[in-house]
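Engineer: only geometry, no sequence info:
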C-alpha cells in the first residue's frame, strides 16, 4: 500500500514477508535477509518463529536497518504507552551478616497474561538482563540494603514479587507492596524485611491488592496446646515478644493464660498492621499451636480475601482465617502468615460524547405513476479489439516491474508496497525486496 508521510501511523503490524521503512532514507539499498525462519527452542516461548529484517547499503553514506522477533526479542513497548518503575528493597534484622535472599518477579499485562521477552534491571550499580519465562517471571538475589530496580515497564503492568521461604534459617519475612500495578510516570515500591528469630513463633500480617488498607490493624488469638502441662500450679505464663513495624522494633512480653479446665494456653496479639509482625520466643519445642484472626468476619465483609498458613501454603492459595503448626525450635522460625487481599476493578474509561444523529426530515410519500414508461433495452457494446501483445495500457507506458533483488531505485511518492511472494517495499527512495523462494 502507499501512504503519504504526513499520514504515516506511529505503529505498524508487520507480517511475514512485509517490512516498514521511513521516508527520506537513501536511495540505493540491497535486501540482504527478509522473512521468517523456524525458531529454535528457548525459555520464553514468545513467538513460534523468528522474523528477521536486515537492510544493507552497498555505497558509503547508506544506512543499516535491522529488526528481529523471537529468540529472545526484547520487551517492546508500543509508542504512546506510559512507562513506570518497580523498585524492590531488601532489609535484614539479625542472622548471618552478608546473607543473600532469592526473589522472583512476575510481570503480567492488564488482562493477566504473562509478558514475554527480555527485561533489564539494576541491583546497585550492576545492570542485568533476564529472559522472562513462560509465566512472565525472572529471578534475582538481594542482600541487606540492596534494591532491585526495573524501569520502563508499560503502564497497566501487574507485578508480583515473591521471596523464597527462609523460615528454616530462622527468618520471618515482613513485606509491603509485594503486588500491584505499574502507573505511567510512577514508581511502585515493594519492601521486604527479614527478621531473625531462631526457635521463635512468628506471626506476620500482609495487606495486598490495589484497594487494600496498609495501616489497617488486625488482632489474633494464639493457642498453644499443653503449655501448662509442666506448670500445674500456674495460671499465667509470660514469654518474650518482639514486635517489628517498619523501622520500629519493640521488646515486650506476651502473656498466656490457662484455658479453663485444661493445660492449653491462650494469648491475644493486638494491632498488627500491614507489613508488621511479632516474634514470640521461649515456647517449648514441639508444642502445637493455632493462630486465628479475630477480625476475619469484618475483613471478609469489607471485600477482603484472606490467605493463611506457612509461606508455601499462602503461595499455593490457601484461603483460611486460621493456621496451625508446631514450634520447630532450633535454627528455624515457625512462621505463620496472614495475607489480606482486596482488589478493585479499574473503572472503564468513559466514551467521548457521541455526536447526536440528526433526525431526517420526513419525505412526503410519492404518488405512484399510473403508467410507468417501459425501460428501453440498451444496445450491446461492441467487443473491443485486443491490443497487440507487449504494449502497455494508456498512461502506463513508463511503468517498470519491481526488481527481484539487488540494487534498485524508486520514485519518491510511495511509502509502502507490500504483498506475498516477491513483494517490495518502496519508501521515498528505499526499496526492500523479498527474494522469491524464501529462506
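Structural biologist: In hand now; what should we look at? Keep in mind that this is a model prediction, so the values were computed, not measured. Numbering: from 1, shown residues only.

Engineer: C-alpha only now, for contacts and for neighbours.
Structural biologist: Fine.

Engineer: what bits of the stretch 201-350 of the chain have low per-residue confidence?
Structural biologist: 346-350 (pLDDT under 70).

Engineer: quick check, residue 102 in a helix?
Structural biologist: No - with DSSP: H, G, I helix; E, B strand; the rest coil as the criterion, residue 102 is located in strand rather than a helix.

Engineer: now it: how far from residue 275?
Structural biologist: Applying C-alpha to C-alpha, to the nearest Å, the value for residue 102 to residue 275 is 19 Å.

Engineer: before we move on, what about residue 248?
Structural biologist: In this view, residue 248 and residue 275 are 12 Å apart by C-alpha to C-alpha.

Engineer: Who has more neighbours out of those two?
Structural biologist: Neighbours per residue, other C-alpha atoms under 10 Å: of residue 248 and residue 275, the larger number sits with residue 275, 24 against 8.

Engineer: ok, now which ones touch that one?
Structural biologist: Applying C-alpha atoms under 8 Å, 6 or more residues apart in numbering to residue 275 gives the contacts 174, 175, 176, 204, 205, 206, 207, 214, 245, 246.

Engineer: how about 7 Å then?
Structural biologist: Neighbour list for residue 275: 174, 175, 176, 205, 206, 245 [criterion: C-alpha atoms under 7 Å, 6 or more residues apart in numbering].

Engineer: Now intersect the residues you listed with the strands, please.
Structural biologist: When DSSP state E defines the strands, the subset of these inside them is 174, 175, 176, 205, 206, 245.

Engineer: need the contact list for the second one.
Structural biologist: Okay, so that is residue 175. 191, 192, 193, 206, 275.

Engineer: Surely residue 314 forms part of a helix?
Structural biologist: Yes - Residue 314: assigned to a helix according to three-state DSSP.

Engineer: Tell me how many other residues crowd it.
Structural biologist: Residue 314 has 18 neighbours, counted by other C-alpha under 10 Å.

Engineer: same check, this time on the one 4 residues further on
Structural biologist: Here the number of neighbours of residue 318 (other C-alpha under 10 Å) works out to 15.

Engineer: for residue 326, same thing?
Structural biologist: Residues lying near residue 326 (other C-alpha under 10 Å) number 17.

Engineer: I'd say it and residue 290 touch.
Structural biologist: No - at 8.8 Å, residue 326 does not count as touching residue 290 under the criterion of C-alpha atoms under 7 Å.

Engineer: could you pull out the helices for the protein?
Structural biologist: All helices of the chain, identified by DSSP state H, fall at 296-301, 311-315.

Engineer: Can you say which of those is nearest to residue 281?
Structural biologist: Taking C-alpha to C-alpha, helix 311-315 is the member of those nearest to residue 281, at 19.8 Å.

Engineer: List of residues touching the closest one?
Structural biologist: Outside helix 311-315, the residues that touch it by C-alpha under 7 Å, 6+ apart are 165, 307, 308, 337.

Engineer: For the first one, list the residues it contacts.
Structural biologist: Okay, so that is residue 165. Counting by C-alpha under 7 Å, 6+ apart, residue 165 makes contact with residue 311.
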